[in-house]
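J.: Turn this into a model:
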Amino acid sequence: MTKKAGIVYCSPAGTTLHVAQIIEKELKDKSAEVFTADLAKEDGSEIISRIQAGEKPILFIGSPVYAGRPVPPVMNFIARLPQNAGICAVPFVTWGCVSSGIALQDMGKALTEKGCLLPGAAKVGAVHSMMWRSDSPLGKGHPNAEDDQMIRELVGRVLKNAGQSPVSGPSLSDLAYQPENLQTEMAKVTLEAAKGHMPKKTVDEKLCTQCGICAEICPVQTITLSPLPEFGKDCICCFKCVRECPETAILADLEPVEKRIRGRAAQLAEQPFTKIFA
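T.: The predicted structure follows:
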């Protein structure tokens with residue numbers, strides 16, 4: 001019987017999408033039926049409906065790490081999963097080589113509270129999403145070929161673990177890999193609080209053509225035009241609108257925060273960049 005798998009992800013900068021695509025290809029190469037949901041474009045309701053109808057796909061759920069945590073669209077999707085559906089779920093995160101935080105731990109805990117089994121998990125190093133203007137961004141070159149191979153190995157191990165009775169895989173304590181003092185510190189951080197320290201976005205009225213591209217690409221659909229772009233309360237500070245505005249009309253001074261980020265990365269020196277848990 002063909003194995004079914006779902007891949008759900010949020011990917012403002014494209015690296016979580018990259019990992020999702022590697023997973024999808026590997027699953028299809030192993031004859032799995034795969035369906036995907038980009039949470040920037042849909043809310044994953046079709047996958048949830050499949051589960052409610054009795055299907056038991058293996059779910060791969062991916063998030064970038066912002067302020068050490070998963071992004072809200074991913075956690076909202078997990079919160080909507082049916083309770084005790086007996087499915088296997090594989091959380092994976094991409095992080096900009098400063099700190100992967102407690103994102104995997106957050107996702108793993110939320111999934112197990114839903115009654116999901118965890119046959120695997122992964123953290124994957126990536127170029128830092130706020131350093132696209134830099135010649136030497138943190139995580140430069142990642143995910144690379146070695147990272148991609150580790151992701152493919154994860155898929156194989158997950159399929160093997162999910163086929164065992166009982167299902168084997170990492171425990172929540174395996175996903176709590178940060179030193180205890182850092183775990184305590186990171187547990188106090190929220191994306192909402194971190195947003196207060198992020199550069200403010202402004203719109204250059206002379207450059208803005210009110211094309212609406214920023215609203216179309218916003219991964220949390222929180223930009224409205226009236227008539228210039230306005231940024232709603234659900235903004236996650238991914239700065240995709242700044243990065244991809246065709247007129248460079250949306251502005252943010254990222255230099256001060258880049259200095260803080262580099263200092264934090266040097267202080268933490270988290271290694272390895274990519275690790276699979278399976």
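J.: When you work out contacts or count neighbours from here on, use the C-alpha atoms and nothing else.
T.: Will do.
J.: Now do the helices in the stretch 1-150 of the chain.
T.: 15-29, 45-52, 72-80, 103-113, 145-162 (DSSP state H, counting those that start in this stretch).
J.: what comes up buried for the first one?
T.: Along helix 15-29, the positions that meet the burial threshold by neighbour count (16 or more other C-alpha atoms under 10 Å) are Thr15, Thr16, Leu17, Val19, Ala20, Ile22, Ile23, Glu24, Glu26, Leu27.
J.: which residues touch that helix?
T.: The contact list for helix 15-29 (C-alpha atoms under 8 Å, 6 or more residues apart in numbering) reads 5, 7, 9-11, 33-34, 62-64, 93-94, 126-127, 143, 148, 151-152, 155.
J.: quick check, distance from that helix to the centre of its chain.
T.: 14 Å (C-alpha atoms, centre = their mean, to the nearest Å).
J.: Strands of the chain, start to end?
T.: Using DSSP state E, the strands of the chain run over 4-9, 33-38, 58-66, 69-70, 89-95, 121-125, 202-203, 223-225, 229-231, 250-251, 275-277.
J.: Partner strands of the third one and their direction?
T.: Here strand 58-66 is paired, per DSSP bridges, with strand 4-9 (parallel), strand 69-70 (antiparallel), strand 89-95 (parallel).
J.: follow-up on the earlier one: can you tell me which of the strands of the chain is most buried?
T.: Among these, the stretch with the highest mean neighbour count (mean count of other C-alpha atoms under 10 Å) is strand 89-95, at a mean of 28.
J.: For that strand, what is the distance to the chain centroid?
T.: Here strand 89-95 is found 7 Å from its chain centre; the criterion is C-alpha atoms, centre = their mean.
J.: Same check on stretch 94-109?
T.: That offset, for stretch 94-109, works out to 9 Å (C-alpha atoms, centre = their mean).
J.: same check, this time on stretch 203-212
T.: Centre to centre, stretch against its chain (C-alpha atoms, centre = their mean), the figure for stretch 203-212 is 29 Å.
J.: next one: stretch 173-192
T.: Counting by C-alpha atoms, centre = their mean, stretch 173-192 is centred 17 Å from the centre of its parent chain.
J.: Equivalent analysis for stretch 8-25, please.
T.: In terms of C-alpha atoms, centre = their mean, the centre of stretch 8-25 is found 8 Å from the chain centre.
J.: same question, stretch 73-84
T.: The answer for stretch 73-84 is 14 Å, by C-alpha atoms, centre = their mean.
J.: Could you do stretch 24-43 as well?
T.: Relative to its chain's centre, stretch 24-43 lies at 15 Å (C-alpha atoms, centre = their mean).
J.: low-scoring stretches of the protein, by residue?
T.: 1-2 (pLDDT under 70).
J.: mind listing what the residue located most distally from the centre of the chain touches?
T.: The C-alpha centroid of the chain is most remote from Lys206, which lies 34.6 Å away (C-alpha atoms, centre = their mean). When contacts are counted by C-alpha under 8 Å, 6+ apart, Lys206 touches Ala249.
J.: From Phe231, how far out is it?
T.: Distance, Lys206 to Phe231, by C-alpha to C-alpha, to the nearest Å: 18 Å.
J.: Redo the strands paired with strand 58-66 as a markdown table? Include distance to Arg262.
T.: Formatted as a markdown table, those follow (distance: least, C-alpha to C-alpha, whole Å):
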| stretch | distance to Arg262 |
| --- | --- |
| strand 4-9 | 27 |
| strand 69-70 | 18 |
| strand 89-95 | 14 |
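J.: and Glu185, which of those strands is closest to it?
T.: Judged by C-alpha to C-alpha, the one of the strands paired with strand 58-66 that comes nearest to Glu185 is strand 69-70, at 12.3 Å.
J.: coming back round to it: figure out which of the strands paired with strand 58-66 is closest to Pro246.
T.: For Pro246, the closest of the strands paired with strand 58-66 is strand 4-9, at 25.3 Å, according to C-alpha to C-alpha.
J.: Could you find the closest non-adjacent residue to the most centrally placed residue in the chain?
T.: Nearest to the mean C-alpha position of the chain, counting by C-alpha atoms, centre = their mean, stands Ser63 at 1.2 Å. In this structure, Ser63 finds its nearest non-sequential neighbour in Val93, 4.9 Å apart by C-alpha to C-alpha, 6 or more residues apart in numbering.
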